[in-house]
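1. would you be able to build a 3D model of this:
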Amino acid sequence: MTAPPPPRSRPGWVAAALLPALNLALALALSAVVIVLVGEHPGRALRLLATGAFGNAEALGYTLYYATTFIFTGLAVAVAFHGGLFNIGAEGQAYIAGLGVALLCLGADRWPALLVIPAAVVVAAAFGAGWAFVPAWLQARRGSHVVITTIMFNFIASALMTHLLVNVLIKPGQQSPETREFAPNTWLPQLHDVAQVFGLEIRRSPLNLSLLFALGAGALVWFYLWHTRWGYELRALGHNETAAVYAGIVPARLVIVAMSISGALAGLVALNEVMGVQHRLLINFPGGSGYVGIAVALMGRNHPVGIVLAAILFGALYQGGSELTFDMPKLNRDLVVVIQGLIILVCGALEQALRRPVAALVQRV
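-> Residues are numbered from 1 along each chain as shown. Prediction:
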C-alpha cells in the first residue's frame, strides 16, 4: 500500500497578502452599503476619500503624518503580541512619554537642536518603557494579567496628565489646559524644511522628521524579531510557553523586556505629536492612536512591512475622511468613524472568516 500524500500547506502569500486584501475589499463593500443607506453614491465617496488622502502633496503629507503615529503604536502592539502579550496600554505609554518630552523641551531653551533631538528620543522611549514596566512586572512576578493592568494604567495616565496640565504645567494667564509653547530650537524639523536644505520643494504639511524615526524603528523591530537570539526567544515564548520553558527560556524576563520595548515604541509617538506638530503639551494629545495601533498591528499581521502599509491605510482614512465630510455633508464625521470601525471589525475581529475557504480554493487551483 502506498502512503497517502502529505497534506498541502497554505502558501505564505495567502496569509501575508491575499487575505488582508480580501478582508479590506469586504470591509469596503460593507461600507458601500452603509453609504447607500444614507443616500449617497459609494463610488463618488470612495473617489473623494482617495483624492482627499492622496490627491496632492499636501494631502499625502497629512496622510503620512497620521500614519507615522500609527506605525509607532502598531509596532508597540506587535512586539508584545509576538511574546503572547496584548499591550492595550500604548495610549497611556504615549501620554506619559509626552510628559517626559515636554519637560525636556521646556528646560532646553538654550540647547542646540542637534542635542535636543537625540535626547528627546531617549526620553520618550524611557518614559514609555517605564510606564509599561510596571504592568509587565506585575504579570511576570505577581500573575496580574497585562491586559487588565495596561487598561488601568491608561486611566491613571489620563488622570495624572489632567492634574498636571490643569494645576501645575498650565501656562500662566490662560484657561486652556496646555503648557507654554516650546522654544523653536526644540521643534522637530518638518520635512518640507529639511527638503529645502537640499534644494527640493515640498508642500507644507505636519509631516516631520519622526516619519524617518518610525521607518527606522520598523527596521529595528524586524531585525530584533527575526535576526537575533532574543527575538527568536520572544517568538518561541509566544508560540508555546511550555516548550520555551523546556528549552531554557525564562518567561518572566522576556515578558518584562518585551513590554518595555513595546512601551518605548509607543512613547515615540510623542516625537511626532508634541515635538513635531503641537510644540506644546496638550491634554489627550494621543487621540486614541494607541487603540488604533491594535487594529494596525492585526491588519499588518504583526510584521513591520504590513504595519507600515496598514498605518498608511488608516492615515488615509483619517485624512480622506476629514475631506469627505466637506464635500458630502450626509457623510458626517460619525459615519466616517463607522466606516473605520467596519474595516477594523472585518480585518481584525473577523480576520479568520475567509481564511479556510480562500486556502482551500488556492490549494485546489
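
2. output the contacting helices and strands for the lengthiest helix in the chain.
-> Taking DSSP state H as the criterion, the chain has its longest helix at helix 113-142. Under the contact definition 3 or more CB pairs under 8 Å, 6 or more residues apart in numbering; DSSP states H and E, helix 113-142 sits against helix 90-106, helix 146-167, helix 251-267, helix 269-270. Yep, even glycine has a C-beta here, placed from its N, CA and C like the rest.

3. how about those helices in JSON lines, adding distance to Leu64 and mean neighbour count?
-> Listed next are those as JSON lines, based on distance: least, CB to CB, whole Å; neighbours: other CB atoms under 10 Å:
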{"stretch": "helix 90-106", "distance to Leu64": "18", "mean neighbour count": "27"}
{"stretch": "helix 146-167", "distance to Leu64": "26", "mean neighbour count": "17"}
{"stretch": "helix 251-267", "distance to Leu64": "18", "mean neighbour count": "25"}
{"stretch": "helix 269-270", "distance to Leu64": "15", "mean neighbour count": "35"}
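
4. of all the ones you listed, which lies closest to Asn302?
-> helix 251-267 (11.7 Å; CB to CB).

5. related to what we said a few turns ago, okay, the helices and strands packed on helix 113-142 in JSON lines with distance to Pro118 next?
-> As requested, those are exported to JSON lines (distance: least, CB to CB, whole Å):
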{"stretch": "helix 90-106", "distance to Pro118": "11"}
{"stretch": "helix 146-167", "distance to Pro118": "25"}
{"stretch": "helix 251-267", "distance to Pro118": "14"}
{"stretch": "helix 269-270", "distance to Pro118": "14"}
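
6. please name whichever of those is nearest to Asp334.
-> Ranking those by proximity to Asp334 (CB to CB) places helix 90-106 first, at 21.0 Å.

7. hang on, the earlier thing: mind putting the helices and strands packed on helix 113-142 in TSV, mean pLDDT and distance to Ser176 included?
-> Output for these, formatted as TSV (pLDDT from 0 to 100; distance: least, CB to CB, whole Å):
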stretch	mean pLDDT	distance to Ser176
helix 90-106	96	15
helix 146-167	94	9
helix 251-267	95	24
helix 269-270	96	19
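
8. mind checking which of the ones you listed is nearest Ala57?
-> When the helices and strands packed on helix 113-142 are compared by CB to CB, helix 269-270 sits nearest Ala57, at 24.1 Å.

9. from the chain's centre, how far out does that closest one sit?
-> Helix 269-270 sits 10 Å away from the centroid of its parent chain (CA atoms, centre = their mean, to the nearest Å).

10. packing partners of it?
-> Where contact means 3+ CB pairs under 8 Å, 6+ apart, helix 269-270 is packed against helix 57-82, helix 90-106, helix 113-142.

11. how about stretch 36-43: buried residues?
-> For stretch 36-43, burial by neighbour count (16 or more other CB atoms under 10 Å) applies to Glu40.

12. from here on, count from 24
-> I'll keep to 24 as the first residue from here, and by that count the last item is stretch 59-66.

13. what's in contact with it?
-> Stretch 59-66 is contacted from outside by Ser54, Ala55, Ile58, Met351, Lys353, Leu354, Leu358, using CB atoms under 8 Å, 6 or more residues apart in numbering.

14. sticking with the second one, tell me its helix or strand.
-> Here Ala55, judged by DSSP states H and E, is contained in helix 42-60.

15. so which strand or helix has Trp253?
-> Using DSSP H and E, Trp253 sits in helix 252-262.

16. can you give me the mean pLDDT across the helix or strand that that helix is followed by?
-> Per DSSP H and E, the first helix or strand lying C-terminal to helix 252-262 is helix 264-269. Mean pLDDT, helix 264-269: 89.

17. how near is the residue lying closest to Phe109 once chain neighbours are set aside to Val297?
-> Nearest residue to Phe109 in three dimensions, chain neighbours excluded: Val170, at 5.1 Å (CB to CB, 6 or more residues apart in numbering). Distance, Val170 to Val297, using CB to CB, to the nearest Å: 27 Å.

18. count the neighbours of Ala103 for me.
-> 32 (other CB atoms under 10 Å).

19. is it true that it touches Asn110?
-> Yes. Using CB atoms under 8 Å, Ala103 makes contact with Asn110 at a distance of 3.9 Å.

20. anything in contact with each of the two?
-> Val169, Met282, Ser285.

21. dump the residue contacts of the last one.
-> The neighbourhood of Ser285, defined by CB under 8 Å, 6+ apart, consists of Ala99, Val100, Val102, Ala103, Leu108, Asn110, Ala113, Gln116, Ala155.
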